[in-house]
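Undergrad: what's the 3D shape of this:
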Amino acid sequence: MLNLINGFVTVRSSSSRLPKKCFLDFFGINILEHIILRCKFGGINPIICTTTNKKDDKIINIAKKLNVKFFRGPENNKILRWMLCCNKFKIKKFHTIDADDLYFDWIAVKESMKQLYVKKKDIIFPSLVSRSGGASEGYSISIECLNKIFLLYPFLKNNNYNTEMIEPFLKKKEFNLKTFKGMPYEIKKARLTLDYKEDYKFFKRIGEINGNFNNRKNINIFLKKNSCLLRINFYKNLVWKKKQSHFIKNVTL
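TA: Here you go, the predicted structure:
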């Protein structure tokens, strides 16, 4: 059932808040390389899911160098990009791994995917802690879920439609949803996603002691013992959440 977990590493170089963040140095390798290698270290098959924009050629070069599969699709329409990627590689279920979640939890990813299979759901949402900035796991998604989305919202087949977040398109009763409970070692009021220079500084402080491949449980234990570090970037969570809320409110269905 879970012999192979496909992780769609959703990434593009045109980030606005922290330009070209996926190419920033992270202890001798760049951040995208770190994400790919962390996937492999944790037993996840990374598939780079990027855009056709020429600016993302460098992303493809990194994928080739590390010998991982890649797909190029619409720049703004992330959901369509996922669907086309599934079609190309004949994938029925996958987990989303954002390239800005530097210390994602491969154990939580596997548990989420297990629930997708066992509970026979369309999609498993990240835990509430993860969605609030904890960034421990993403979404476990079935091809059935994507098919329902495009059946209910045919306009999403437009390459240029902005689907930065998937939640607005999952509100109808046709979807069989579940939210991941989270791991018992989750840490609240910690921001572990990369959007601002403060986040980068925070991750560098973590990495100085923990390196690239420490597991998430140990990372959380480290942060609890060194809670002063959380003040580096947690205050940016308010700005980040406001931007997310603004996007959801302005989606026209």
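
Undergrad: output the contacting helices and strands for the helix or strand containing Gly207.
TA: In this assignment (DSSP states H and E), Gly207 forms part of helix 197-210. Secondary-structure packing of helix 197-210 (3 or more C-beta pairs under 8 Å, 6 or more residues apart in numbering; DSSP states H and E): strand 25-26, helix 216-225. Glycine gets a C-beta too; all of them are placed from N, C-alpha and C.

Undergrad: ok now the last one, how far from the chain's centre?
TA: What separates the centre of helix 216-225 from the centre of its chain is 20 Å, taken as C-alpha atoms, centre = their mean, to the nearest Å.

Undergrad: check which residues of that helix are buried.
TA: 216-217, 219-220, 223 (16 or more other C-beta atoms under 10 Å).

Undergrad: pLDDT averaged over it, what's the number?
TA: Helix 216-225 comes out with an average pLDDT of 98.

Undergrad: likewise for the shortest one?
TA: Per-residue pLDDT over strand 25-26 has a mean of 97.

Undergrad: what's that strand in contact with?
TA: With contact meaning C-beta atoms under 8 Å, 6 or more residues apart in numbering, strand 25-26 is reached by 31, 33-34, 102, 203-204, 207, 212.

Undergrad: got those as a markdown table, with neighbour count, distance to Phe41 and pLDDT columns?
TA: Shown next, in a markdown table, are the contacts of strand 25-26 (neighbours: other C-beta atoms under 10 Å; distance: C-beta to C-beta, whole Å; pLDDT from 0 to 100):
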| residue | neighbour count | distance to Phe41 | pLDDT |
| --- | --- | --- | --- |
| Ile31 | 21 | 15 | 98 |
| Glu33 | 19 | 12 | 98 |
| His34 | 23 | 10 | 98 |
| Leu102 | 23 | 13 | 98 |
| Phe203 | 24 | 17 | 98 |
| Lys204 | 14 | 20 | 98 |
| Gly207 | 17 | 14 | 98 |
| Asn212 | 17 | 8 | 97 |
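
Undergrad: dump stretch 134-149 to PDB, keeping only the CA atoms.
TA: Provided in PDB are the C-alpha atoms of stretch 134-149 (Å, rounded to 0.1, in the frame of the first residue of the first chain):
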ATOM      1  CA  GLY A 134       4.100  24.600  12.000                       C
ATOM      2  CA  ALA A 135       4.700  23.200   8.500                       C
ATOM      3  CA  SER A 136       5.200  19.600   9.500                       C
ATOM      4  CA  GLU A 137       3.200  18.000   6.700                       C
ATOM      5  CA  GLY A 138       1.200  19.100   3.700                       C
ATOM      6  CA  TYR A 139      -1.900  17.600   2.000                       C
ATOM      7  CA  SER A 140      -2.400  14.000   1.100                       C
ATOM      8  CA  ILE A 141      -4.400  14.100  -2.100                       C
ATOM      9  CA  SER A 142      -6.100  11.400  -4.300                       C
ATOM     10  CA  ILE A 143      -6.700  11.800  -8.100                       C
ATOM     11  CA  GLU A 144     -10.400  11.400  -7.300                       C
ATOM     12  CA  CYS A 145     -10.200  14.600  -5.300                       C
ATOM     13  CA  LEU A 146      -8.700  16.500  -8.200                       C
ATOM     14  CA  ASN A 147     -11.200  15.000 -10.700                       C
ATOM     15  CA  LYS A 148     -14.100  16.300  -8.500                       C
ATOM     16  CA  ILE A 149     -12.500  19.700  -8.300                       C
END
